[in-house]
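> quick one, fold the following:
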Amino acid sequence: MPTINDNEDIAGDYEFEKKDSVTGNPIEGAEFTLYEDSSLSCPIKTVQSDENGKVKFENLKTGEYYMKETKVPSGYKSSTVKTYRL
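Alright, predicted model coming up:
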């Protein structure tokens, strides 16, 4: 049986769905960027929501990330910066 060393970097995915807060319909084309610092000066990855509103950051190492919606589809407002620890 394999053991996990607490000092090893473990990679995983982070995903969520971008939906309209009124209709609940998925929103395509919203762009999100992950940063390694709270000043948002060191981007790591950028992805866009697909036709189902799915946003997926793949192969992230354990750590703290800052995410910002960096492109907003027409007719929508940008959300605030959120911090996640993965």
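
> so where's the chain uncertain?
1-8, 83-86 (pLDDT under 70).

> tell me where it has strands.
11-17, 31-35, 43-48, 54-61, 64-71, 82-85 (DSSP state E).

> could you check how far residue 25 is from residue 75?
Separation of residue 25 from residue 75 (C-beta to C-beta, to the nearest Å) stands at 12 Å. Using the backbone N, CA and C atoms, a C-beta is placed for each residue, glycine as well.

> spatially nearest residue to residue 10, not counting backbone neighbours?
residue 62 (5.2 Å; C-beta to C-beta, 6 or more residues apart in numbering).

> before we move on, the earlier item: now the strands of the chain in TSV, with mean neighbour count?
Shown next, in TSV, are the strands of the chain (neighbours: other C-beta atoms under 10 Å):
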stretch	mean neighbour count
strand 11-17	12
strand 31-35	18
strand 43-48	15
strand 54-61	15
strand 64-71	17
strand 82-85	10
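
> circling back: pretty sure the residue nearest to residue 10 is touching residue 14, no?
No: using C-beta atoms under 8 Å as the test, residue 62 is too far from residue 14 to be in contact (11.3 Å).

> contacting residues around residue 62?
9, 10, 11, 12, 86 (C-beta atoms under 8 Å, 6 or more residues apart in numbering).

> how about residue 28, what does it touch?
48, 49, 50, 51, 52, 53, 73.

> can you tell me which two in those residues are farthest apart?
Distances among those were taken as C-beta to C-beta; the most separated pair is 52 and 73, at 14.1 Å.

> which of those two has more residues huddled nearby?
More neighbours surround residue 73 than the other of residue 52 and residue 73, with 14 against 11 (other C-beta atoms under 10 Å).

> tally of neighbours for the residue lying closest to that one once chain neighbours are set aside?
Excluding the flanking residues, the one nearest residue 73 by C-beta to C-beta, 6+ apart is residue 29, at 4.6 Å. Burial of residue 29 is recorded as 15 neighbouring residues (other C-beta under 10 Å).

> so residue 29 makes contact with residue 71?
Yes: judged on C-beta under 8 Å, residue 29 makes contact with residue 71 at a distance of 7.4 Å.
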